[in-house]
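J.: Task: produce atomic coordinates for the following.
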Amino acid sequence: MLNEPTLGMEEVRRRTGLDEEEFAEATRLLQEIGVLSDDGSGRVTTVSVEKALARLTLRAEESAEGWLAESVRLRKAIRLLSTELADQYHSQASLASAELIIGMENISASLESTSEVAEHEVLSMHPGPVVERRTPARIARNARAIERGVVMRTIHLASTSRTPHGVRYLRELEEIGAEVRLATTIPFRLIVVDNSIAFTPAPGIEGQTAALVTRGPLITHLLRLVFEHCWHSAALLSADAPAPPADTPLDAQQASVLRLLNAGLKDEAIARELGVSIRTLRRITADLMDKLGATSRFQAGVRAQQLGWLV
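T.: Coordinates of the predicted model:
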């Protein structure tokens, strides 16, 4: 059609070898992108490529402007909805309701939705080891809350800072703006949001993890006091994890066990502090006794003092 503008449409179809359906579809597509024009009389004419491209560019710009305007409208609507939901959520602060959530996936989903409506602060205590596969999601969730101006304080076991992925997670928390402290013991897992909702552990069903979610200040106020007590007795995240003296044959874990044994802690407390099982702790203790040539824990402590292995 560009080379021979006088050709009729039927002749064009014949030369291309297309059947009527294929030719109609091709014509429609060319009209859609603007290189063919129908003036309404049934006569189809060509349009210069430059003009067609200019029209396509203008159409794309108009579409982009429309998408931008729509995204701004949606963002405003979502913010308004979030504010209204948060107001309703916090207006229930006088109620003392409770909900049992079964399963780690359901608990994570509930934590995710709760963190999205946090306005002032999130407090948390974690008595167990850090599960490496869950840390990226936790960091992302916490970062979103902190970016909104939410204050975040968290307490972890001191043993968390003695594992590579554990200390990496704690450093990442500090980098996004959370305040981190370490404690030798933590009574139970706890998350308090805005003094109006709290997550605490609950007995599971058929071996599944469970959490009790309580709403309202009647209970969360008391749980917050527990957190504040643990917070003030916890230590700042140190620049370096404790290490044994350079001239000892002990690794960091063995040195930690030796130090805690010398402090008089029971096996259960030491295992909890280090995030290991009782069986693993007793194996480590047996290795220590063997290295020290001791037959009792008291004798091991005396021998370690004599050798300068205690710091």
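
J.: Output the below-cut-off pLDDT ranges for the stretch 51-200 of the chain.
T.: Low-confidence segments of the stretch 51-200 of the chain (pLDDT under 70): 82-96.

J.: those helices in it, which residues are they?
T.: For the stretch 51-200 of the chain, the helices defined by DSSP state H, counting those that start in this stretch cover 104-117, 135-147, 164-175.

J.: now the ones you listed in TSV, with mean neighbour count and distance to residue 193?
T.: C-beta coordinates here come from the backbone N, C-alpha and C atoms, glycine included. Output for the helices of the stretch 51-200 of the chain, formatted as TSV (neighbours: other Cβ atoms under 10 Å; distance: least, Cβ to Cβ, whole Å):
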stretch	mean neighbour count	distance to residue 193
helix 104-117	16	5
helix 135-147	16	9
helix 164-175	16	17
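
J.: who wins for proximity to residue 156 among those helices?
T.: Residue 156 lies closest, by Cβ to Cβ, to one member of the helices of the stretch 51-200 of the chain: helix 164-175, at 6.4 Å.

J.: who does the closest one touch, helix- and strand-wise?
T.: If contacts are counted by 3 or more Cβ pairs under 8 Å, 6 or more residues apart in numbering; DSSP states H and E, helix 164-175 sits against helix 135-147, strand 151-157, strand 179-183.

J.: Apply 7 Å and report the result again.
T.: Helices and strands touching helix 164-175, by 3 or more Cβ pairs under 7 Å, 6 or more residues apart in numbering; DSSP states H and E, are helix 135-147, strand 179-183.

J.: picking that back up, any chance of the helices of the stretch 51-200 of the chain in JSON lines, plus distance to residue 15?
T.: Listed next are the helices of the stretch 51-200 of the chain as JSON lines, based on distance: least, Cβ to Cβ, whole Å:
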{"stretch": "helix 104-117", "distance to residue 15": "62"}
{"stretch": "helix 135-147", "distance to residue 15": "60"}
{"stretch": "helix 164-175", "distance to residue 15": "67"}
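
J.: Just tell me which of these ends up closest to residue 292.
T.: Across the helices of the stretch 51-200 of the chain, closest to residue 292 is helix 164-175 (Cβ to Cβ), at 27.2 Å.

J.: can you map out the strands along this protein?
T.: Using DSSP state E, the strands found in the chain span residues 36-38, 44-46, 98-102, 121-126, 151-157, 179-183, 190-193, 197-202, 210-215, 235-236.

J.: Which of the helices of the stretch 51-200 of the chain sits closest to residue 237?
T.: The nearest among these, by Cβ to Cβ, is helix 164-175 at 5.7 Å.

J.: How far away from the center of its chain is the closest one?
T.: On the basis of Cα atoms, centre = their mean, to the nearest Å, helix 164-175 sits 13 Å off its chain's mean C-alpha point.

J.: Also stretch 226-238?
T.: How far stretch 226-238 lies from its chain's middle: 23 Å, per Cα atoms, centre = their mean.

J.: Now do the buried residues in it.
T.: Residues of stretch 226-238 classed as buried: 226, 227, 230, 231, 234, 237 (neighbour count, 16 or more other Cβ atoms under 10 Å).

J.: Stretch 202-217 now?
T.: Using 16+ other Cβ under 10 Å as the test for burial, stretch 202-217 gives 210, 211, 213, 214, 215, 216, 217.

J.: now those residues in CSV, with pLDDT and distance to residue 260?
T.: Listed next are the buried residues of stretch 202-217 as CSV, based on pLDDT from 0 to 100; distance: Cβ to Cβ, whole Å:
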residue, pLDDT, distance to residue 260
210, 87, 31
211, 89, 30
213, 90, 34
214, 88, 34
215, 85, 39
216, 81, 39
217, 78, 38
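
J.: Out of these, the closest to residue 60 would be?
T.: For the buried residues of stretch 202-217, the nearest to residue 60 is residue 213 (48.6 Å; Cβ to Cβ).

J.: Who are the contact partners of the closest one?
T.: Counting by Cβ atoms under 7 Å, 6 or more residues apart in numbering, residue 213 touches 98, 99, 101, 110, 197, 199.

J.: Only whichever of the residues you listed are buried, select them in PyMOL.
T.: This is the PyMOL syntax for the buried subset of those, where burial follows 16+ other Cβ under 10 Å:
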select buried, resi 101+110+197+199
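
J.: now, which of the contacts of residue 213 sits nearest residue 119?
T.: Out of the contacts of residue 213, the member with the shortest distance to residue 119 (by Cβ to Cβ) is residue 197, at 11.5 Å.
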